[in-house]
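Participant: Model the structure of this input:
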Amino acid sequence: MRYFVTGATGFVGGRVARQLRAAGHDVVAVVRNPSKAQDLVALGVQVAPGDVTEKDTLRDPMRGVDGVYHIAGWYKVGTRDPREGERINVLGTQNVLDVMAELGIARGVYTSTLAVNSDTHGREVDETYRFTGTHLTVYDRTKAEAHHIAERFIARGLPLVIVQPGLIYGPGDTSSVRRTLIQYLQRRLPLLPTGTAFSWAHIDDVASGHLAAMERGRPGENYFICGPTHTLIAALEVAREITGVPLPALRAGPGLVKANSALMGLVERFISVPETYTREGLRVLAGVTYIGSNAKARRELGFDPRLIRVGFAETLRHEMQLLKMPLPPQI
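Facilitator: Numbering: from 1, shown residues only. As a prediction, the model looks like this:
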């Protein structure tokens, strides 16, 4: 089979491209700068210049493929300018799905996120859940708009499957999740927020969930390809058991974190602050739960994400080696 992939230079898209090649499939990827995609070329991926925000660059590379993976997305916490998120997440999704429909591609998988559901207030929701309030971040809002675009294409008959990962971790990550793990390993985390929870999935499981959605997903359906749910404190407690590195003693309840979020909204008008400590960064740590049930994906796709202890052992080993830290026996 031959597949078209957007976002192949990113964390998720890169793993999906690698797994597709390992399974013997041909892959064509559009990238803004092909000279910076030599790792994809080494895998045997056909790299074509293109950009999801420029629709005309997508048509020729997509022509004749058996399926489309639209994974490209913009993710940034703490931005005061929403335009990049709107261009990539919203316009980019419109463009990719427009061309897919125009060319009559038989199958497609669109990568959404649990973040479109915003804070579920401790409830582990499923695919029938619909959030109608105000989203907490620009990323959440623009991905929700893109999700609605995908649903409108589905309503018009596009053979599309939507997948929704939760928090993704693993070797190769460059997000705030990795920065938190590094700060923990270096004993630089000042405190931990209470109540904050995510559904944690290893990158390889998320990538395999994409392949399963293409192969076995029902067109028009969405699937939560998220991992097991843990609070941030519980997840880092697993890390402590693996590495022996202690957790910070200080804990902060949602009220205190929200108050600091409001304060940082004033501070960041005048100075640049780290992503985690921006108004948005603190707001999504204030006892917020981005969580969901993967029961449907397990049932219909055969999705089977690893336990966090297993995934963390590999991830922490990777980060500790990069930091030149001695490895404990258990990893």
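
Participant: How many residues are close by the closest residue to residue 307 other than its chain neighbours?
Facilitator: Excluding its sequence neighbours, the residue lying closest to residue 307 (C-beta to C-beta, 6 or more residues apart in numbering) is residue 228, at 6.7 Å. Bear in mind the C-beta positions are built from the backbone N, C-alpha and C, glycine included. The criterion is other C-beta atoms under 10 Å. On that basis, residue 228 has 18 neighbouring residues.

Participant: quick one, what contacts residue 228?
Facilitator: With contacts taken as C-beta atoms under 8 Å, 6 or more residues apart in numbering, residue 228 has the following neighbours: 199-200, 305, 307-308.

Participant: among those, which are in strands?
Facilitator: Among the contacts of residue 228, the members found in strands (DSSP state E) are 199-200.

Participant: Scan the contacts of residue 228 and report the most crowded one.
Facilitator: When neighbours are counted by other C-beta under 10 Å, residue 200 leads the contacts of residue 228 with 27 neighbours.

Participant: Show the model's pLDDT score for it.
Facilitator: Residue-level confidence at residue 200 comes out at 98, pLDDT.

Participant: is it true that it touches residue 232?
Facilitator: No - counting by C-beta atoms under 8 Å, residue 200 sits too far from residue 232 to count as a contact (9.6 Å).

Participant: And for the longest helix seen in the chain, what's in contact with it?
Facilitator: Longest helix in the chain, counting residues (DSSP state H): helix 138-155. Contacts of helix 138-155 with the rest of the structure, by C-beta under 8 Å, 6+ apart, involve 73-77, 79, 82, 85-86, 89-90, 92-94, 97, 101, 110, 112-113, 115-116, 118, 131, 135, 160, 162, 219-220, 280.

Participant: Could I get the full set of helices for the stretch 151-300 of the chain?
Facilitator: Counting by DSSP state H, counting those that start in this stretch, one finds helices in the stretch 151-300 of the chain at the ranges 176-185, 203-216, 232-243, 254-267, 279-283, 295-301.

Participant: ok, of these, where does mean pLDDT dip lowest?
Facilitator: Of all the helices of the stretch 151-300 of the chain, helix 254-267 carries the lowest average pLDDT, namely a mean of 60.

Participant: what bridges to residue 230?
Facilitator: residue 198 (DSSP bridges).

Participant: ok, now how distant is it from residue 181?
Facilitator: From residue 230 over to residue 181 the distance is 14 Å, taken as C-beta to C-beta, to the nearest Å.
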